[in-house]
Structures are given as structure tokens and as C-alpha cells.
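J.: could you look at this predicted model? Sequence included:
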Amino acid sequence: MPDSPTRILAELVREENVVVDLASEDHPAVMKAMVQNMVATGLISKGHAATVSRLLNEREALGSTAIGGGVAIPHARIGFAANPILAFALLSQGSGFKALDGAPVRFVFMVLTPNGKDNDEVHRQILKAITTFVKPTAHIKLLAGCKTPADIRSVFLDYA
């Protein structure tokens, strides 16, 4: 795992796993679209989609993964992946992630990391990388101005 938070994101965010302009932006629809995208691009198998959805919903039931400022980080630990998986969605209006600050969520980072004690630090590093990246409002403004997955990927690459 790279040592720079922005380098971690540049390494994990792939253009094909960025979703923009979803037809529906409510929480269940966003989660479903992101999981379907991961299946379509080969990050997870179709057979694992239901498990991923269940684990993400279980995590969200514990408390909102919206961290404020329009950002949510739904995440789960999975037993079938050898490496971390990250997907990103940019929502045009914002969705119902029940953010504590009441702000509509527009930026969704979905994080799946392998189970096991050896991966605890990797999981923390990815979450830290996301929170570090989104803290400066300049980064959020750049992401908000993106129109395509390629634009979004370039934001992460430019700040790596």
C-alpha cells in the first residue's frame, strides 16, 4: 500500500469503477448501481454481489457512513477478495445517506477490503486516505466539476 493518502486513491480508483449521473440517487439505488458496476467491470463476481450488498446494508444499519460535507464511505470487509476494492460515484443532486450534518451526499467512496487481521491496517489506511483527500474544499470542488469518469480519475491522479 502506498504511503501517501492521495497516492492510495490514485492507485485504487479506476475509471471503469466510477459512476456518474445515476438515474436515481436514493441510498439503496446508489448502492445497487455501484455493486452492479463492480460486477460488470469484474471487480467482484455476480455470485458475490448479494453478499456485498448485504454486508454494506448491515454496516449502514449500524450508523450512517456519511461523514459530512457531502461525502459517504460505505464500506465492508469481505472474505473473497485478495486486495482492496474501491468504487466511486458522483451524484448530481445528492442522496439520502442520513448524514449527521444533514448535507446531501454527492460523493460516494465504496470500500471493500479483505477480511483478516492482516488487513485491518489496510482498511484504516484507505479510510484515512479518503478523509484526508476530501478535507480540503478545493478537492471537493474539483470532483463536483467533473462530468466523466476520466475527469474524476484525473483529479485523483493529479493529486497523487
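T.: Nice, I can see it. Numbers count the residues shown, from 1 in each chain.
J.: following the chain onward from the longest helix seen in the chain, which element is next?
T.: Scanning the chain for the longest helix, with DSSP state H as the assignment, gives helix 46-62. Downstream of helix 46-62, the first helix or strand assigned by DSSP states H and E is strand 66-68.
J.: nearest residue to T65 in space, please, no chain neighbours.
T.: P74 (4.7 Å; C-beta to C-beta, 6 or more residues apart in numbering). C-beta: built from backbone N, CA, C; applies to glycine.
J.: tell me the contacts of that neighbour?
T.: 31, 56, 59-60, 65, 108-111 (C-beta atoms under 8 Å, 6 or more residues apart in numbering).
J.: so what does P74 look like in phi/psi?
T.: With angles defined as degrees, to the nearest 10, P74 sits at phi -60, psi 130.
J.: that one and D151, how far apart?
T.: P74 sits 22 Å away from D151, going by C-beta to C-beta, to the nearest Å.
J.: again with T41
T.: 18 Å.
J.: now T51
T.: Distance from T51 to D151, counting by C-beta to C-beta: 32 Å.
J.: closest to the centroid, which residue in the protein?
T.: F109 (1.5 Å; C-alpha atoms, centre = their mean).
J.: that one reaches I85, doesn't it?
T.: No. The pair F109 / I85 is not scored as a contact, 11.2 Å apart, by C-beta atoms under 8 Å.
J.: helix or strand right after the lowest-mean-pLDDT helix or strand in the chain?
T.: For the chain, counting by mean pLDDT, DSSP states H and E, helix 5-12 ranks last in confidence among helices and strands (a mean of 84). Using DSSP H and E, the helix or strand that follows helix 5-12 towards the C-terminus is strand 18-20.
J.: contact partners of that following strand?
T.: Under the criterion C-beta under 8 Å, 6+ apart, residues 33-34, 37, 87-90, 146-149, 152-153 lie in contact with strand 18-20.
J.: swap the cut-off to 6 Å and go again
T.: Applying C-beta atoms under 6 Å, 6 or more residues apart in numbering, the contact partners of strand 18-20 are 33-34, 37, 88-90, 149, 152.
J.: as a markdown table, those residues with neighbour count would be great.
T.: Converted to a markdown table, those look like this (neighbours: other C-beta atoms under 10 Å):
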| residue | neighbour count |
| --- | --- |
| A33 | 18 |
| M34 | 23 |
| N37 | 20 |
| F88 | 26 |
| A89 | 26 |
| L90 | 21 |
| P149 | 18 |
| I152 | 23 |
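J.: no further questions, thank you.
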